[in-house]
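Undergrad: One predicted model, sequence on top.
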Amino acid sequence: MGVGILIGMFTLIILFIFSISIFIFFKRKNKTKIGLIISLPFFVFCIYLIFMNSFDAIFQSKNDVKEDLKYAQIELLEDFKVLNNKVTGMPERFQKTILRISKNDKKRIISLIENEKDFTTREKKCYFECFEYSGILMKNTTYLVNYKFNNEYVREAYYKKDNFVPIILVV
């Protein structure tokens, strides 16, 4: 477990205890409503942080998907459906979204991937190639890798956001 996670957990526990302490303090002074008004925002904030990934997974919209696909320079022209969305990890977050897209969009995306100059066929899946291409990623804000593995066409997009966090998107 990283130091960042430990600090985050420690801070969360302190905020949680603080919110309960505020409520208990005002309750003993017979001002329960004031205690609730002051402590409730801290309590709700703690609950949100605990369940943040679950909220993000539940409330993924089609517009969010379209924004994510822009990192891979892919646009869906026809309607699609979000079949499943799962968000895990803290502070490194991993999101896996499964879509049902139209046949026309599928053909167009496969054609786009196949026609890229770096397109190759690979013997293994190469997720998170940013470790192999770290020098390239340090110089560029966007880097795309296109390949075929078995019957899957893959475009991995690395997008450096805010000069710190790379966004890795596998389509």
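TA: Done, it's in. Numbering: from 1, shown residues only.
Undergrad: Quick check, pLDDT for Lys148.
TA: At Lys148, the model reports a pLDDT of 85.
Undergrad: err, Ser54, not the other one
TA: Looking at Ser54, its pLDDT reads 68.
Undergrad: Tell me, how many residues neighbour Ser19?
TA: 21 (other C-beta atoms under 10 Å). From N, CA and C alone the C-beta is placed, and that goes for glycine too.
Undergrad: From what I see, it and Leu36 are in contact.
TA: No - assessed by C-beta atoms under 8 Å, Ser19 is found out of contact with Leu36, at 10.2 Å.
Undergrad: longest helix anywhere in the protein?
TA: Longest helix in the chain, counting residues (DSSP state H): helix 3-28.
Undergrad: which other residues reach the helix or strand following that one?
TA: Later in the chain than helix 3-28, the nearest helix or strand by DSSP states H and E is helix 32-50. Helix 32-50 has contacts (C-beta atoms under 8 Å, 6 or more residues apart in numbering) with 12, 15-16, 18-20, 22-27, 55.
Undergrad: List buried residues within those residues.
TA: Neighbour-count burial (16 or more other C-beta atoms under 10 Å) applied to these gives 16, 19, 22-23, 26.
Undergrad: which one among those residues gets closest to Gln95?
TA: Phe16 (26.3 Å; C-beta to C-beta).
Undergrad: and stretch 116-134, what's its mean pLDDT?
TA: 70.
Undergrad: swap in stretch 33-50?
TA: For stretch 33-50, the per-residue pLDDT values average out at 86.
Undergrad: Same question for stretch 99-113.
TA: Mean pLDDT, stretch 99-113: 90.
Undergrad: Likewise for stretch 15-22?
TA: For stretch 15-22, mean pLDDT rounds to 89.
Undergrad: Buried residues, the longest strand belonging to the chain. List them.
TA: Assignment by DSSP state E gives strand 152-161 as the longest strand of the chain. For strand 152-161, burial by neighbour count (16+ other C-beta under 10 Å) applies to 153-160.
Undergrad: just how off-centre is it within its chain?
TA: Here strand 152-161 is found 14 Å from its chain centre; the criterion is C-alpha atoms, centre = their mean, to the nearest Å.
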